[in-house]
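*Asks:* Attaching a predicted model along with its sequence, questions to come.
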Amino acid sequence: MARFWAKYMDDKLLPAAIKVAMSKGEEQKGVIEEIQKQLKTLESELKEKKFFGGESLGFVDIAANTIVWLVVAQEALGMEILTEEKFPVLHGWYQRLVDDAVFKECMPPREQHLSFVKGISMAAISLQTATMAEEVKLFGTWASPFSRRIEVALKLKGVQFEYIEENLSNKSPALLKYNPVHKKIPVLVHNGKPVAESLVILEYIDETWKHNPILPTDPYEKAMARFWAKYMDDKLWPAATKVVVSKGEEQKAVIEEIQEQLKTLESELKEKKFFGGESLGFVDIAANIIVFLLVAQEALGLMEILTEEKFPVLHEWYQRLVDDAVFKECVPPRERHLGFFKARFGSSTASK
């Protein structure tokens, strides 16, 4: 039961405590009500005990330091959440917790903690306000890895946007207006100003919304990220599109070419979690071409291209990529994507 209640703190109370500091108005009011229900549940569990652990501070009490963060947020942001009147049992427990000599020694300095909470609250609210005030539109098509790249970047940045699905056999007047040169997707329109070409758009997004950066700040590392993203577009993408329309010996040669390129990418990745280091970055987003490639491999029954045996490092990276919550959200629905490839390329790759 101690494990259960400690997990309750992390799974229920902590996300709500963070959310309350980053919201405002009716949304914040709703989160406070949610937190108070959780506190009521905890008070019912505490009953008349001095601590959740009994007579002395224990496992659940330590995990419940989330409530300290919550009380600091309450003071910093002028909210009433955990009051003596509403939660007399939990309030008494809280006083004993913060008066415990060892626990007190491990608490952040009060003024610094208050300042920190106020800072993140102001930053979150100003970001929401700025984002809501901006007009951001993305013209794309659901099966295109290039427009999907832009979705990933916008969602990583927390930028709200309107997505406009284009029919490339009957392009809209808006698309032709915003990209009169290439007449292609994706196009990002920010406050009426259009930006075209996916890698250019990714850089624009990173420079416009500077939080959660996707490009390195170091000039050399940034140049190398641009190099490898361009490698995806100039080398891997042409081969990936060629493999789905070829057959026989020609297709076999293209697969060998792709595997040479994958070997080059594996050498670059080395032991990093992502091309961007510890988190998903510019090159990883550009490498969504590999998702396209592997869906094509499955849909068209191609020779195995990216296997764990041949490319253990890249295979592991791929699993991390498709398991990333934001990236996963921007991958086309699997069955629809498979159907797209079968319908469009199935006959061209079938043997006579």
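*Replies:* Now that the structure is in, tell me what you want to look at. Numbers count the residues shown, from 1 in each chain.
*Asks:* ok, now how distant is residue 207 from residue 150?
*Replies:* For residue 207, the distance to residue 150 equals 14 Å [Cβ to Cβ, to the nearest Å]. Backbone N, C-alpha and C define where each C-beta goes, glycine included.
*Asks:* do the same with residue 289
*Replies:* According to Cβ to Cβ, residue 289 stands 14 Å off from residue 150.
*Asks:* out of the two, which sits in the busier spot?
*Replies:* Neighbours per residue (other Cβ atoms under 10 Å) separate residue 289 from residue 150, with residue 150 holding more: 27 against 19.
*Asks:* and the host helix or strand of that one, how far from the chain's centre?
*Replies:* Assigned by DSSP states H and E, residue 150 belongs to helix 145-157. Offset of helix 145-157 from its chain centre (Cα atoms, centre = their mean, to the nearest Å): 10 Å.
*Asks:* Packing partners of that helix?
*Replies:* strand 136-140, helix 198-208, helix 282-286, helix 289-300, helix 325-329 (3 or more Cβ pairs under 8 Å, 6 or more residues apart in numbering; DSSP states H and E).
*Asks:* between those, which one is nearest to residue 117?
*Replies:* Nearest to residue 117, of all the helices and strands packed on helix 145-157, is helix 325-329, at 25.4 Å by Cβ to Cβ.
*Asks:* ok, and what's touching the closest one?
*Replies:* 151, 152, 155, 156, 280, 284, 288, 321, 322 (Cβ atoms under 8 Å, 6 or more residues apart in numbering).
*Asks:* burial of the first one, as a residue count?
*Replies:* For residue 151, the number of neighbouring residues by other Cβ under 10 Å comes to 21.
*Asks:* what's it in contact with, if anything?
*Replies:* 138, 140, 163, 329, 330 are the contacts of residue 151 under Cβ under 8 Å, 6+ apart.
*Asks:* gap between it and residue 186?
*Replies:* Residue 151 is 9 Å from residue 186, by Cβ to Cβ.
*Asks:* just the fourth one next, same as before
*Replies:* According to Cβ to Cβ, residue 156 and residue 186 sit 16 Å apart.
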